[in-house]
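**Q** from the sequence below, what's the structure:
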Amino acid sequence: MPQQTKEMTALGKLITRPIVPEPVKEESVYQKLLALEQHIRVSEAAPIHPCCNDFRQFLRLCWTKDEAAGGKVALMPDWPFLDDLAEDLILVPKLFVEKSRRVLASWLVCCFDVWVAAGGQDPRWPTLMNARGNRQVFVAARQFEQANWFLFERIKFLIEESVRRGLRQYWPDFPRWSWKEGLGVASNGSRISAVAQGADQLRGHGATFHHWEEVSFWERAKETVEGSVPTIRGGGHICMITTANANSYAEMLVTGRIRRTAYE
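**A** This next block holds a predicted model:
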């Protein structure tokens, strides 16, 4: 109902008139174009931080801990094979890494967990270009305790140590993090969850990235793979990483002794 206003007429009588709101003017096409141009100009003027647009640059800022060397803290080394693995994580949607021990492969994939959740972008993985937040990363292991160990002793450690040593100088909007058992939550809406093997642990969750540790020793590897692969069909990636174990489901995957359709 319109508001009322009181006015004096020429005869000195007080009368009441309704206040009629002015019609809302729609934006012209020209105004919309001006607004779009301004948005583009601001976006182009925003600083570009190489480490959030290049995972290998981010690796150069990640600090690790060597438990076998008494907890020695050191930067990720620039070994050529680690750069190759870093490229594969971007380019290969379903990646299987069979490794020997003490080659830092698991540390590197933990760094990748952080980079993806923090908002890293690379046009070679189109899904990452949609937004810089609200991503779902899962770290899975044979038992929940093992996955939770990776979450706290590797992922949480490298975030806190790298930030303490100046990461935000190179990535100013690197998110803040909060932690509880089995979960790390970033201020950009991303989550890194620790889960045990098993299809029911991951079924129904859309995922940006799955990081699975020591898959060749999982008793429920087959059902985990078959139940979880559909969760990445919107553009997510999976990386299975393990030491060798003969006569395992992981070996069957590598040697092609199972129907590929179950994995694809």
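**Q** quick one: the helices in this structure?
**A** Listed in chain order, the helices of the chain (DSSP state H) span 29-45, 50-53, 55-59, 80-91, 105-118, 144-149, 157-164, 167-170, 199-202, 221-228, 249-255.
**Q** mind putting those into JSON lines with mean neighbour count?
**A** Heads up, the C-betas are built off the backbone N, CA and C, glycines and all. Output for the helices of the chain, formatted as JSON lines (neighbours: other Cβ atoms under 10 Å):
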{"stretch": "helix 29-45", "mean neighbour count": "10"}
{"stretch": "helix 50-53", "mean neighbour count": "17"}
{"stretch": "helix 55-59", "mean neighbour count": "20"}
{"stretch": "helix 80-91", "mean neighbour count": "15"}
{"stretch": "helix 105-118", "mean neighbour count": "24"}
{"stretch": "helix 144-149", "mean neighbour count": "17"}
{"stretch": "helix 157-164", "mean neighbour count": "18"}
{"stretch": "helix 167-170", "mean neighbour count": "16"}
{"stretch": "helix 199-202", "mean neighbour count": "17"}
{"stretch": "helix 221-228", "mean neighbour count": "20"}
{"stretch": "helix 249-255", "mean neighbour count": "17"}
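**Q** dump these into TSV; add mean pLDDT and distance to residue 239 as well.
**A** What follows is the helices of the chain, written out as TSV (pLDDT from 0 to 100; distance: least, Cβ to Cβ, whole Å):
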stretch	mean pLDDT	distance to residue 239
helix 29-45	58	31
helix 50-53	89	20
helix 55-59	95	13
helix 80-91	93	6
helix 105-118	96	6
helix 144-149	96	14
helix 157-164	97	17
helix 167-170	94	23
helix 199-202	72	14
helix 221-228	81	12
helix 249-255	73	13
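**Q** so which of these gets nearest residue 134?
**A** Closest to residue 134 of the helices of the chain is helix 105-118 (Cβ to Cβ; 9.9 Å).
**Q** looking at the helices of the chain, which is nearest to residue 177?
**A** Among the helices of the chain, helix 157-164 comes nearest to residue 177, with 6.0 Å by Cβ to Cβ.
**Q** alpha carbons only: can I get the closest one in PDB?
**A** Extracted in PDB, the C-alpha atoms of helix 157-164 (Å, rounded to 0.1, in the frame of the first residue of the first chain):
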ATOM      1  CA  PHE A 157      51.900 -30.600   9.000                       C
ATOM      2  CA  LEU A 158      52.800 -29.400   5.500                       C
ATOM      3  CA  ILE A 159      50.100 -26.700   5.500                       C
ATOM      4  CA  GLU A 160      51.200 -25.300   8.900                       C
ATOM      5  CA  GLU A 161      54.900 -25.600   8.300                       C
ATOM      6  CA  SER A 162      54.700 -24.000   4.800                       C
ATOM      7  CA  VAL A 163      52.500 -21.200   6.000                       C
ATOM      8  CA  ARG A 164      54.900 -20.500   8.900                       C
END
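**Q** make JSON lines out of the helices of the chain and add distance to residue 178.
**A** Converted to JSON lines, those look like this (distance: least, Cβ to Cβ, whole Å):
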{"stretch": "helix 29-45", "distance to residue 178": "29"}
{"stretch": "helix 50-53", "distance to residue 178": "21"}
{"stretch": "helix 55-59", "distance to residue 178": "21"}
{"stretch": "helix 80-91", "distance to residue 178": "26"}
{"stretch": "helix 105-118", "distance to residue 178": "13"}
{"stretch": "helix 144-149", "distance to residue 178": "16"}
{"stretch": "helix 157-164", "distance to residue 178": "11"}
{"stretch": "helix 167-170", "distance to residue 178": "17"}
{"stretch": "helix 199-202", "distance to residue 178": "22"}
{"stretch": "helix 221-228", "distance to residue 178": "26"}
{"stretch": "helix 249-255", "distance to residue 178": "34"}
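**Q** fine by me, we can end here.
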